[in-house]
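A.B. asks: sequence first, predicted model second:
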Amino acid sequence: MQPLLVLGLLLASFLPMPELPEVETTRLGISPHVIGRKISEVIVRRWDLRWPVSPELPELEGQTFLSVERRSKYLLMEASGGRMLMVHLGMSGSLRVVSPGEEWRKHDHIGITLKGGMQLRYHDPRRFGMMLVVPISEIPKHKLLVNLGPEPLEENFTAQHLHMALRNKTIALKVAVMDAKVVVGVGNIYASESLFRAGIHPALPANKLTKPKAEKLVAAIKEVLAESIAQGGTTLRDFLNSDGQPGYFKQRLFVYGRKGEACRVCGAEISHSVMGQRATFWCAGCQRR
């Protein structure tokens with residue numbers, strides 16, 4: 001039996017949802033197995049995800065996947081018939097490339113069999129994910145995508161953009177940078193880690209972020225996300241990368257999940273509070289308002 005290529009996150013109820021590096025790791029992992037492959041069969045065992053599975057999904061049979069891109073936490077898989085398969089992993093979803101004969105697990109809901117013998121299988125215990133089929137022409141104006149901010153690793157995410165986007169926001173900076181209208185993909189773990197690297201307190205009012213501090217924060221966000229993608233995403237309890245091995249970025253976390261522990265830089269105790277309904281961690285010795 002061919003071993004599973006486990007791609008994505010299988011999250012316990014207390015763990016955060018897949019963030020941008022996990023979704024990008026999934027994209028990188030599945031791309032070699034699906035691009036250029038014709039879809040020979042679509043199997044839908046459950047239609048009732050958070051967003052009901054598009055009834056047009058079986059119509060992709062006979063079409064070929066041309067590309068796999070990512071916008072924020074959405075995977076965009078272009079098919080040859082002029083349609084895009086939009087995938088969101090929700091809070092507990094994963095995509096695996098398996099043999100079609102692999103036994104279906106309890107929460108395997110969708111299988112897309114590809115010519116050449118492999119199957120892309122969607123697993124989602126909570127069913128908070130999404131598989132929508134959308135005409136490619138509608139993608140630029142799709143309601144889930146149209147109001148998104150810049151990608152954090154692209155050139156248009158600059159200190160000038162961040163400073164201007166936050167100039168009228170009085171909420172905590174950490175909450176503001178997690179707003180997808182400001183910048184996409186800076187989730188809870190990565191916001192905490194980026195603010196630590198930049199030496200900025202997470203509770204700083206967003207409109208008090210100076211241009212020099214914006215420069216430091218943008219650089220830190222880019223560094224943290226790039227490192228995590230390179231290492232296969234943050235190691236949460238059941239996350240495995242495309243080689244079936246745990247990622248290692250969690251070993252480098254300086255503040256997230258380390259409440260009461262000593263700061264790796266200055267030795268001060270790591271603080272914790274809730275901001276914007278999300279757990280927030282920082283070092284009072286290293287991070288200033």
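C.D. replies: Good, I have the coordinates.
A.B. asks: same for the host helix or strand of residue 21, what does it pack against?
C.D. replies: In this structure, residue 21 sits in helix 20-34 according to DSSP states H and E. Where contact means 3 or more C-beta pairs under 8 Å, 6 or more residues apart in numbering; DSSP states H and E, helix 20-34 is packed against strand 5-8, strand 65-71, strand 74-79, strand 94-98, strand 119-123, helix 211-230. In short, each C-beta sits where N, CA and C put it, glycine included.
A.B. asks: ok, residue 173 touching residue 204?
C.D. replies: Yes: counting by C-beta atoms under 8 Å, residue 173 touches residue 204, with 4.5 Å between them.
A.B. asks: about what we covered before: please produce JSON lines containing the helices and strands packed on helix 20-34, extended by distance to residue 273 and mean neighbour count.
C.D. replies: Below are the helices and strands packed on helix 20-34 laid out as JSON lines (distance: least, C-beta to C-beta, whole Å; neighbours: other C-beta atoms under 10 Å):
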{"stretch": "strand 5-8", "distance to residue 273": "30", "mean neighbour count": "25"}
{"stretch": "strand 65-71", "distance to residue 273": "32", "mean neighbour count": "17"}
{"stretch": "strand 74-79", "distance to residue 273": "31", "mean neighbour count": "21"}
{"stretch": "strand 94-98", "distance to residue 273": "31", "mean neighbour count": "24"}
{"stretch": "strand 119-123", "distance to residue 273": "34", "mean neighbour count": "23"}
{"stretch": "helix 211-230", "distance to residue 273": "19", "mean neighbour count": "18"}
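A.B. asks: lowest mean pLDDT across these, which one is that?
C.D. replies: Sorting the helices and strands packed on helix 20-34 by mean pLDDT places strand 5-8 lowest, at a mean of 30.
A.B. asks: quick one: buried residues of whichever strand or helix holds residue 279?
C.D. replies: Following DSSP H and E, one finds residue 279 within strand 278-283. Buried residues in strand 278-283, counted by 16 or more other C-beta atoms under 10 Å: 278, 280, 281, 282, 283.
A.B. asks: circling back to that earlier point, which positions within the helix holding residue 21 qualify as buried?
C.D. replies: 20-31, 33-34.
A.B. asks: now for those: which two are most distant?
C.D. replies: Using C-beta to C-beta, the two most remote members of the buried residues of helix 20-34 are 20 and 33, lying 21.2 Å apart.
A.B. asks: okay, now the unreliable bits of the stretch 1-150 of the chain?
C.D. replies: Low-confidence segments of the stretch 1-150 of the chain (pLDDT under 70): 1-17.
A.B. asks: helix, strand, or coil at residue 140?
C.D. replies: The assignment at residue 140 comes out as helix when based on DSSP: H, G, I helix; E, B strand; the rest coil.
A.B. asks: apologies, that question was intended for residue 91.
C.D. replies: Of the three states, residue 91 takes coil under three-state DSSP.
A.B. asks: pretty sure it sits against residue 127.
C.D. replies: No: counting by C-beta under 8 Å, residue 127 is not a contact partner of residue 91; they are 9.4 Å apart.
A.B. asks: one step back: so the helix holding residue 21 versus strand 74-79, what angle?
C.D. replies: Relative orientation of helix 20-34 versus strand 74-79 (axes from the mean of the first three to the mean of the last three C-alpha atoms, to 10 degrees): 20 degrees.
A.B. asks: how far off centre is helix 20-34?
C.D. replies: With C-alpha atoms, centre = their mean, to the nearest Å as the basis, helix 20-34 stands 10 Å off its chain's centre.
A.B. asks: the inter-axis angle of that helix versus strand 65-71?
C.D. replies: Inter-element angle recorded for helix 20-34 and strand 65-71: 180 degrees (by the same axes, to 10 degrees).
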